[in-house]
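**Q** show me how the following folds:
(one chain, ligands or ions: 1)
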Amino acid sequence: MKKPLILCFALLSWAGQAQMDSTNETIRSIYNLALSEQQGYKWLAELCSMGPRLSGSDQATASLLHFRKIIDSLGFETSLQPVTVPKWERGPQERAWMISQGIKSEELAVCALGGSVATPDAGLEGELVEITNFNKLDSLDLKGKIAFYNIPMDPTFISTGYAYGNAVKQRWAGAIEASKRGAAAVVIRSLSSSVNKYPHTGSMSYEDGVTKIPAAALSTYHAELLSRELAKNPALKLKLNMACQWYDSVESYNLIADLKGSEKPEQLILVSGHFDSWDLGTGAHDDGAGSMHALESLYLYQKLGLAHKRTLRLVFYMNEEFGLSGAKAYARMSKEKGLKHVIAIESDGGGFSPRGFSIQSTPEMVADVKNYRDYFEPYGIYQFASGGSGADISQLGSDDKVLIGLRPDGHRYFEVHHSALDNINSVNARELTMGSAALTALMYLLDRDDICLNCN
Ligand SMILES: [Zn+2]
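**A** Numbers count the residues shown, from 1 in each chain. Sure, this is the predicted structure:
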């Protein structure tokens, strides 16, 4: 009686080994093609050569339409979804100086925070109050002064993303809280993990009923210098000059491209990045890299002729940075049309070496994705974390779908994030390519093994 059972086990383990071998081969073929062509990097270089893609700018829409042509030429089915986006411009001048005894001393590297109002044409001058702890605001007299938030990203966090999340309140809410206490303007320490002379922008906010005051970011180097000088001379002043401006909202688009599935074309596996960027650099990492990851993964699928039961959908979201308008419009449209997204993937952590994925779904789904770890280990991917996927795809909700974010190495991301350093020179072609290959391999496994909710 025992022999057939042993034979049965032997057959099963042979079949299991055969499937593992063929899966390893398929994944290897994805990486081979990706690394030998590095097509995503070539596209990223082309994208960055067109300039920054600030939401609401002609440049952002023109670059998107250019990429539609590229994608059309690959034979994917493309469409544009109209999206209304806010329009704000930095303007021609943004400068800051320390003023000691009425005399301009050192000029400080500064940039307006995204969405800030301008200073008067002649600039704005005031004494400074340094704030090193958000919770101690009430103990400070900010009336008529320039609030100087100098709260560094905590370097002891292993995840720079958490350090950023912990410090970002000064940028997001700094102007509101300072204005409530009578401040005339705010300057914040750039949210950067390193000390250099590049200021980092990013969105800030105002509150109805609270006076809108100018808000700027100083480079980390100059924030530290200002802090030291202020300790020596508490009467030190700052002069700030910014000519940024809001305009009426304008029309732009999300770009959608489909590769039809063979068995369940109505089920969508979405892979995405946000197409808009900040304007100081060219958004090579944020989020040109994620956008090209998404495009390259569809390209690799097509070129390798990889089977997929479901439709693979690329989305380039417009305007993540100024309030997620593209993602919100897409989620609304998805609901109205009753689209069935079974998996949604986003890459918005830069083009550095991929280290893993974050998975937002039921514990069972998370465990199923984690089971793939052995396939990815040879490629340096080992972090399979539960929770947190991406700002754009989160708009779709996670009740009936698996949301996944690519997790690149984060140690250098906040050196370049939202600054002039975020340009093509800061992207390594191999590291970027490894991200595209990782996404392709993951999509292949999830679709083949039906790792999705209500998708059978
Ligand atoms: Zn981003």
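**Q** I'd guessed residue 401 sits against residue 345; true?
**A** No. Residue 401 is beyond contact range of residue 345, at 10.5 Å (criterion: C-beta atoms under 8 Å). For every residue, glycine as well, the C-beta is placed using N, CA and C.
**Q** now residue 108: closest residue in space, sequence neighbours ignored.
**A** residue 222 (4.1 Å; C-beta to C-beta, 6 or more residues apart in numbering).
**Q** check contacts around the one you found.
**A** With contact set as C-beta atoms under 8 Å, 6 or more residues apart in numbering, residue 222 has these partners: 108, 109, 110, 197.
**Q** now do the helices in the stretch 101-250 of the chain.
**A** For the stretch 101-250 of the chain, the helices defined by DSSP state H, counting those that start in this stretch cover 160-167, 169-180, 220-232.
**Q** which one of these is the most hemmed in?
**A** helix 169-180 (a mean of 21; mean count of other C-beta atoms under 10 Å).
**Q** got a list of contacts for it?
**A** Residues contacting helix 169-180 (C-beta under 8 Å, 6+ apart): 113, 116, 131, 134, 137, 142, 147, 149, 151, 186, 188-189, 191, 202-207, 210-213, 215, 217.
**Q** just stretch 26-44 next, same as before
**A** 67, 70, 284, 288-289, 292-293, 295-296, 299-300, 303-304, 306, 351, 375-376, 379, 424, 427, 429-430, 432-434, 436-437, 440-441, 444.
**Q** out of the helices of the stretch 101-250 of the chain, flag the one nearest the ion.
**A** Nearest of the helices of the stretch 101-250 of the chain to the ion, taken as C-beta to the ion: helix 160-167 at 11.3 Å.
**Q** so which bits of the protein are right by the ion?
**A** Residues of the chain lying near the ion by C-beta under 5 Å from the ion: 286, 287, 348.
**Q** need the pLDDT of the first one.
**A** Turning to residue 286, the model gives it a pLDDT of 97.
**Q** dump the residue contacts of it.
**A** 277, 278, 348, 350, 416, 417, 418, 422.
**Q** among those, which one lies nearest to the ion?
**A** Distances from the ion to the contacts of residue 286, taken by C-beta to the ion, are shortest for residue 348, at 4.3 Å.
**Q** what residues are up against the closest one?
**A** Neighbours of residue 348 in contact, by C-beta under 8 Å, 6+ apart: 273, 274, 286, 287, 290, 320, 390, 391, 392, 405.
**Q** next: residue 322.
**A** Here residue 322 is in contact with 55, 56, 85, 86, 88, 114, 115, 203, 276 (C-beta under 8 Å, 6+ apart).
**Q** what of residue 313?
**A** 256, 257, 258, 259, 268, 269, 270, 271, 341 are the contacts of residue 313 under C-beta under 8 Å, 6+ apart.
**Q** torsion angles phi and psi at it?
**A** The phi/psi pair for residue 313 (degrees, to the nearest 10) reads phi -120, psi 120.
**Q** also residue 213?
**A** phi -120, psi 150.
**Q** out of the contacts of residue 286, which end up buried?
**A** Neighbour counting by 16 or more other C-beta atoms under 10 Å classes 277, 278, 348, 350, 416, 417, 418, 422 among the contacts of residue 286 as buried.
**Q** and those residues as a markdown table, adding secondary structure?
**A** As requested, those are exported to a markdown table (DSSP: H, G, I helix; E, B strand; the rest coil):
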| residue | secondary structure |
| --- | --- |
| 277 | coil |
| 278 | coil |
| 348 | coil |
| 350 | coil |
| 416 | helix |
| 417 | coil |
| 418 | coil |
| 422 | coil |
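**Q** drop anything exposed from the contacts of residue 348.
**A** 273, 274, 286, 287, 290, 320, 390, 391, 392, 405.
**Q** wouldn't residue 24 be in contact with residue 375 here?
**A** Yes. Contact criterion C-beta under 8 Å: residue 24 and residue 375 qualify, at 6.7 Å.
**Q** give the other helices and strands that the helix or strand containing residue 432 contacts.
**A** According to DSSP states H and E, residue 432 maps onto helix 429-448. Contact here means 3 or more C-beta pairs under 8 Å, 6 or more residues apart in numbering; DSSP states H and E; on that basis helix 429-448 packs against helix 2-37, helix 39-49, strand 264-274, helix 290-304, strand 340-346, strand 354-360, helix 373-376, strand 402-408.
**Q** again, only using 7 Å
**A** helix 2-37, helix 39-49, strand 264-274, helix 290-304, strand 354-360, strand 402-408 (3 or more C-beta pairs under 7 Å, 6 or more residues apart in numbering; DSSP states H and E).
**Q** could you tell me the angle between it and helix 290-304?
**A** 60 degrees (axes from the mean of the first three to the mean of the last three C-alpha atoms, to 10 degrees).
**Q** now do the end-to-end distance for stretch 272-288.
**A** 11 Å (C-alpha to C-alpha, to the nearest Å).
**Q** let me fix that, I meant to ask about stretch 165-185.
**A** End residues of stretch 165-185 are separated by 23 Å (C-alpha to C-alpha).
**Q** lowest-pLDDT helix or strand in this structure?
**A** One helix or strand of the chain scores below all others by mean pLDDT, DSSP states H and E: helix 2-37, with a mean of 82.
**Q** please report phi then psi for the most centrally placed residue in the chain.
**A** Closest residue to the average C-alpha location of the chain: residue 348 at 3.3 Å, with C-alpha atoms, centre = their mean. Residue 348 adopts backbone torsions of phi -150, psi 40, taken as degrees, to the nearest 10.
**Q** how much space separates it from residue 390?
**A** From residue 348 over to residue 390 the distance is 5 Å, taken as C-beta to C-beta, to the nearest Å.
**Q** got the contact list for residue 405?
**A** Going by C-beta atoms under 7 Å, 6 or more residues apart in numbering, residue 405 touches 346, 357, 358, 388, 389, 390.
**Q** and residue 106, by the same measure?
**A** Contacts of residue 106 by C-beta under 7 Å, 6+ apart are residue 98.
**Q** so what pLDDT did it get?
**A** 90.
**Q** distance of residue 35 relative to residue 23?
**A** 19 Å.
**Q** of these two, who's got more company?
**A** Just comparing residue 35 and residue 23: by other C-beta atoms under 10 Å the higher neighbour count belongs to residue 23, 18 against 14.
**Q** name the nearest residue to that one, ignoring sequence neighbours.
**A** residue 375 (6.3 Å).
**Q** grab the nearest non-local neighbour of the residue of the stretch 101-250 of the chain found nearest the ion.
**A** Residue nearest to the ion within the stretch 101-250 of the chain: residue 202 (10.0 Å; C-beta to the ion). Leaving aside its sequence neighbours, residue 202 sits nearest to residue 418 (C-beta to C-beta, 6+ apart; 4.8 Å).
**Q** longest strand of this structure?
**A** strand 245-259 (DSSP state E).
**Q** who are the packing partners of that one?
**A** Partner elements for strand 245-259 (3+ C-beta pairs under 7 Å, 6+ apart): helix 58-74, strand 77-89, helix 290-304, strand 310-317, helix 325-337.
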